[in-house]
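[1] Just need the structure, nothing else, for what follows:
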Amino acid sequence: MKVLYSISALAADAGMYVYGAGQAGRAMAKFLRDSGREPLGFITTSESGEIDGLPVRLLDDWLQRRKPADIVVIASSYVKEIAATLDACRVEAVYDGSALALAIAEQERLADDHAPNGRVILQKE
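    Numbering: from 1, shown residues only. Modelled structure (predicted):
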């Protein structure tokens, strides 16, 4: 597993999935989109459905559908456990994006605290 420091480290032509659909996972997906890299969906072990317009797949379902070149970016505090599971499933292109995802999520939280709804309201004194 490689640690993700830069989006440029990810192959541009590979399918990309974010492992984790919590706050950090959603922050990572938004960061990837804002960087011009569209993730194909989320992977989880507990839920399926859709978040932010992206499919959420259970790990077993994703394993059946995946392509050999697919990239998985882990955006979860359970990175070691997830990496071990993916390794056991012979998934090779795995990146630890947990620190980056948590930093992005925290930055967004702080911005929301100071600029609700993404808007800054200036008032004359």
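[2] can we go C-alpha only for contacts and neighbour counts from here?
    Noted.
[3] In the protein, what residue spans correspond to helices?
    Per DSSP state H, the chain carries helices over the ranges 23-34, 59-65, 79-88, 98-114.
[4] Quick check: the gap between Val94 and Gly49.
    23 Å (CA to CA, to the nearest Å).
[5] quick one: which of those two has more around it?
    A side-by-side neighbour count of Val94 and Gly49, using other CA atoms under 10 Å, places Val94 first with 23 against 11.
[6] The closest residue in space to Pro55 that isn't next to it in sequence: neighbour count?
    In space, and not counting its chain neighbours, Pro55 is closest to Gly41: 4.9 Å by CA to CA, 6 or more residues apart in numbering. Gly41: 23 surrounding residues under other CA under 10 Å.
[7] Gly41 and Gly49, how far apart?
    Distance, Gly41 to Gly49, using CA to CA: 10 Å.
[8] Common neighbours of the two, please.
    The contact sets of Gly41 and Gly49 overlap at Pro55, Val56, Arg57 (CA atoms under 8 Å, 6 or more residues apart in numbering).
[9] who's in contact with the last one?
    Right, Arg57. Arg57 touches Gly41, Phe42, Ile43, Thr44, Glu47, Ser48, Gly49, counting by CA under 8 Å, 6+ apart.
[10] So which of the residues you listed wins on neighbours?
    Counting neighbours by other CA under 10 Å, the top entry in the contacts of Arg57 is Phe42, with 30 neighbours.
[11] OK, contacts around that residue?
    Residues counted as contacts of Phe42 (CA under 8 Å, 6+ apart) are Tyr17, Val18, Tyr19, Gly20, Ala21, Gly25, Leu54, Pro55, Val56, Arg57.
[12] Which strand residues bridge the last one?
    Listed by DSSP bridges, the beta-bridge partners for Arg57 are Ile43.
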